[in-house]
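1. Just the structure for this:
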Amino acid sequence: MLIDYANNPPAKQFADEHIVEDAFNIDIVYRISKDKSANLIISVAADTANLVAVRTAEMLNLPRPYSYKNAVQSSDKNTMKRKLINNNIPTSNYVRLASIEELHDYNYEYPIVAKPSHGYGSKGVRLISDEKDLRAFTSKAFASSLDKKVLVEQFTEGIELNVYSYIHDGSVQVLSLSEKVRINATKEAVLQSAGSISPARVSSEVHELIQKTIQKIADAFQFKNTVLLTQLIVKPNNEISILELTPRVGGGVGFKIVESLTGIDIIDVMVDCFLNKNKALTVQTKDVKIAVINIYAKPSVINMVVGLDGLLKENIITEYYLNRTRGDQTSPNYSSSDRIAMVLIKDDTYKGLLDKVQSTIKRVEVKDINNEQVFDNEIYKRFH
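-> Model (predicted):
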């Protein structure tokens with residue numbers, strides 16, 4: 001059974017029953033789950049829906065991988081940051097704003113990042129380089145915040161990684177490290193993702209430091225049996241700083257990356273965690289390089305994506321997923337919800353991988369309803 005407010009969500013075709021209701025509303029999900037005598041309530045790849053699933057399971061005394069209290073600790077960015085700092089886990093300094101009027105109560109050392117205290121899909125996240133953009137960009141973060149609070153934190157320069165780990169009986173097993181490629185675009189979108197490269201090109205010493213730090217996170221947040229996704233920065237001096245963390249599978253094709261590198265289906269693992277079927281994992285390490293390209297378009301009404309099938313037939317790309325359909329409107333924000341498609345590419349070497357990435361960027365076209373090309377390949381210049 002699927003609960004989703006959308007009339008025709010992608011998961012509908014796989015569900016026996018689709019109930020058009022707000023999956024972010026605990027009271028609604030509780031009522032439906034009780035009426036339907038549900039024996040499992042689950043969301044594996046969305047923060048707010050995950051909170052609802054865990055809370056409802058708790059109310060109905062159903063299995064779940066952790067408590068609602070533990071889930072809130074990571075979904076609320078203020079609570080998360082305080083816990084990191086209190087446990088001497090490296091993260092950037094920050095302040096929490098309850099209103100735009102509080103903005104000038106603090107002195108900032110630029111560049112800084114404004115982000116919603118509780119949000120989704122990277123909406124409202126802005127890099128602020130000087131005071132003239134401070135109010136405008138922070139206002140956009142407030143507009144995207146579900147709890148109407150904003151964090152303003154010090155920007156940390158370095159390589160951004162997405163790290164998937166599995167925690168079994170409190171012990172951390174790092175599964176994969178992916179290197180985020182930032183968009184080469186306007187200053188409003190500069191923190192957004194053009195794609196990723198896996199495995200991340202970092203030293204064994206950095207690997208070891210990440211393992212130790214994520215173990216400290218598992219201990220501090222009392223995660224015992226769950227998948228954990230951690231976003232962090234590797235600084236130029238090879239120290240690390242934690243950006244965010246969440247005890248679930250991320251959106252997009254991260255699960256495909258982990259499976260390609262390790263042979264492990266982390267969605268299956270997360271389902272087992274919800275069922276309390278906790279077990280040790282055996283990693284089958286595979287020597288493959290993987291790139292993900294997030295396909296975006298200039299603000300427009302989308303008609304079609306051209307070129308992907310040809311690239312697939314020539315084995316330049318491995319697979320692709322369309323996120324938008326004809327008639328969808330795109331925004332200039334380059335957030336995850338603006339992605340037209342996601343392209344997965346594999347090769348035996350980083351050089352071969354990046355050659356395929358460049359071929360893909362040159363050949364893909366996104367057409368609007370006037371048949372104009374709206375794919376901007378300039379935003380992918382940081383793929384190297």
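2. hey, let's count contacts and neighbours off CA atoms from now on
-> Noted.
3. Which residues does stretch 88-95 contact?
-> Applying C-alpha atoms under 8 Å, 6 or more residues apart in numbering, the contact partners of stretch 88-95 are 81, 84-85, 151-156, 213, 216-217, 240-243.
4. tell me the two of the residues you listed that are most distant?
-> The largest separation in these, counting by C-alpha to C-alpha, is between Val152 and Lys216 at 24.4 Å.
5. Following the longest helix along the chain in sequence, what is the next regular element?
-> Criterion DSSP state H: the longest helix present in the chain is helix 204-221. Using DSSP states H and E, the helix or strand that directly follows helix 204-221 along the chain is strand 226-234.
6. what comes up buried for the very next helix or strand once past that following strand?
-> Counting by DSSP H and E, the next helix or strand C-terminal to strand 226-234 is strand 240-246. For strand 240-246, the neighbour count (16 or more other C-alpha atoms under 10 Å) marks 240-246 as buried.
7. now stretch 162-170
-> Neighbour count says stretch 162-170 has 162-168 buried, by 16+ other C-alpha under 10 Å.
8. Which one of those residues is nearest to Ser196?
-> Asn162 (9.0 Å).
9. which residues touch the host helix or strand of that closest one?
-> Assigned by DSSP H and E, Asn162 belongs to strand 159-168. Strand 159-168 is contacted from outside by 172-180, 200, 218, 223-235, 258, 278-280, using C-alpha under 8 Å, 6+ apart.
10. Now list the buried members of those.
-> 172-180, 200, 218, 223-234, 258, 278.
11. who's more crowded, Val152 and Lys216?
-> Neighbour count, other C-alpha atoms under 10 Å: between Val152 and Lys216, Val152 has more, with 25 against 17.
12. For that one, give me its contacts.
-> Val152 is in contact with 94-97, 112-115, counting by C-alpha under 8 Å, 6+ apart.
13. Leaving out the residues flanking it, which one is nearest to it?
-> Spatially, and ignoring its direct neighbours in sequence, Val152 is nearest to Ala114 (4.5 Å; C-alpha to C-alpha, 6 or more residues apart in numbering).
14. Leu75 contacts Asp47, correct?
-> Actually, residue 75 is Ser rather than Leu. Yes: here Ser75 reaches Asp47: they are 6.3 Å apart, a contact under C-alpha atoms under 8 Å.
15. Going by how many neighbours each has, rank the two and give me the top one.
-> For Ser75 versus Asp47, the count of surrounding residues by other C-alpha under 10 Å is larger for Asp47: 26 against 22.
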